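K.L.:
Could you work out the structure for the sequence below:
(one chain, ligands or ions: 1)
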Amino acid sequence: MAAMTRKILIIGAGQVGASLGTAWLACGHDVRYGVSNPDDPKHAGLPRERLQSARERRDAEVVVLATPYPAARSALEALGDLSGAIVIDCTNPLGMGPEGLHLTVGFDTSGGEEIARFAPGASVFKTLNQTGAENMAHAAAFQPRSMMFVAGDDEARKPIVMELVADLGFESIDAGPLRAARLLEPLAMLWIDLVIKHGHPREMAFARLRRD
Ligand SMILES: NC(=O)c1ccc[n+]([C@@H]2O[C@H](COP(=O)([O-])OP(=O)(O)OC[C@H]3O[C@@H](n4cnc5c(N)ncnc54)[C@H](OP(=O)(O)O)[C@@H]3O)[C@@H](O)[C@H]2O)c1
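P.N.:
This is a model prediction of the structure:
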């Protein structure tokens with residue numbers, strides 16, 4: 001069980017949002033899903049009382065962005081003033097080109113940094129973008145432990161995010177400031193490439209090892 005219960009609003013109850021919500025609920029966190037239509041039958045697998053409009057933050061301390069990257073700006077702006085909120089950005093800025101999926105942002109900025117501009121006053125963290133959604137629901141099943149990097153500028157509140165990531169079963173590793181999202185989004189792209197183009201199983205995740 002989690003050491004401290006957090007009020008978490010997950011925007012987007014698709015593959016990532018539903019996986020994270022289910023896993024955090026099992027840890028004892030107070031999870032709500034912000035969705036376009038709470039009565040849409042596609043959300044039938046989630047507890048109805050935890051579904052709400054994606055346009056209300058209410059008292060959530062942590063807002064988790066689990067929409068497609070192009071929807072991130074409108075999703076954040078719909079929530080109004082996010083000053084003081086922690087925003088966990090799980091998105092990857094993906095586009096489709098002649099060689100398949102690729103990153104649409106990079107080198108001198110990142111999706112995470114762009115998203116921070118859409119949520120002024122919020123503390124934005126890039127994490128939970130580096131492996132498949134199913135692995136986020138079953139992170140504790142990996143041996144050795146799977147890693148998950150966390151990047152963000154708010155050092156005071158980074159431990160909250162590190163703990164939420166660890167609650168899922170990941171080894172949560174501080175990757176430094178939000179600009180490190182420039183490294184974490186290509187890392188996610190590597191996972192996607194390995195799975196889509198090179199036959200690796202989706203049950204694959206990255207781990208950190210060290211020698212004695
Ligand atoms: N799938 C993975 O394995 C994986 C892993 C790591 C990171 N990611 C990243 O995580 C994000 C979500 O991926 P996913 O696979 O979970 O996508 P998904 O299954 O397509 O779910 C995305 C959800 O976002 C909702 N949505 C879209 N626009 C919205 C808006 N403006 N406001 C509120 N909700 C909105 C959609 O619901 P409605 O259509 O009802 O609005 C949908 O349920 C993406 O950025 C992806 O790159 C995915």
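K.L.:
State which helix of the chain is the longest.
P.N.:
Taking DSSP state H as the criterion, the chain has its longest helix at helix 181-197.
K.L.:
Tell me the confidence at the residue nearest the centre of the chain?
P.N.:
Nearest to the mean C-alpha position of the chain, by C-alpha atoms, centre = their mean, lies residue 90 at 2.7 Å. Looking at residue 90, its pLDDT is 98.
K.L.:
Look up the closest residue to it, ignoring the ones flanking it.
P.N.:
In this structure, residue 90 finds its nearest non-sequential neighbour in residue 128, 4.4 Å apart by C-beta to C-beta, 6 or more residues apart in numbering. The way it works is simple: take the backbone N, C-alpha and C, and place the C-beta from them, glycine included.
K.L.:
tell me, how many neighbours does whatever residue of the chain ends up closest to the ligand end up with?
P.N.:
When you check the chain against the ligand by C-beta to the nearest ligand atom, the closest residue turns out to be residue 14, at 1.7 Å. Applying other C-beta atoms under 10 Å, we find 15 residues neighbouring residue 14.
K.L.:
Next, the contact list for it, please.
P.N.:
Counting by C-beta atoms under 8 Å, 6 or more residues apart in numbering, residue 14 makes contact with 66, 67, 133.
K.L.:
List the ones among the residues you listed that fall in helices.
P.N.:
If you go by DSSP H, those have residue 133 in helices.
K.L.:
ok, and which of the contacts of residue 14 reach the ligand?
P.N.:
Within the set of the contacts of residue 14, contact with the ligand (C-beta under 6 Å from any ligand atom) is found for 66, 67, 133.
K.L.:
and the angle from the helix or strand residue 115 falls within to helix 181-197?
P.N.:
In this structure, residue 115 sits in helix 111-118 according to DSSP states H and E. Inter-element angle recorded for helix 111-118 and helix 181-197: 130 degrees (by axes from the mean of the first three to the mean of the last three C-alpha atoms, to 10 degrees).
K.L.:
After helix 111-118, which helix or strand is next?
P.N.:
Remark: after helix 111-118, the chain's next helix or strand is strand 123-126, criterion DSSP H and E.
K.L.:
Pull out the buried residues from that following strand.
P.N.:
123, 124, 125, 126 (16 or more other C-beta atoms under 10 Å).
K.L.:
Cheers, nothing more for now.
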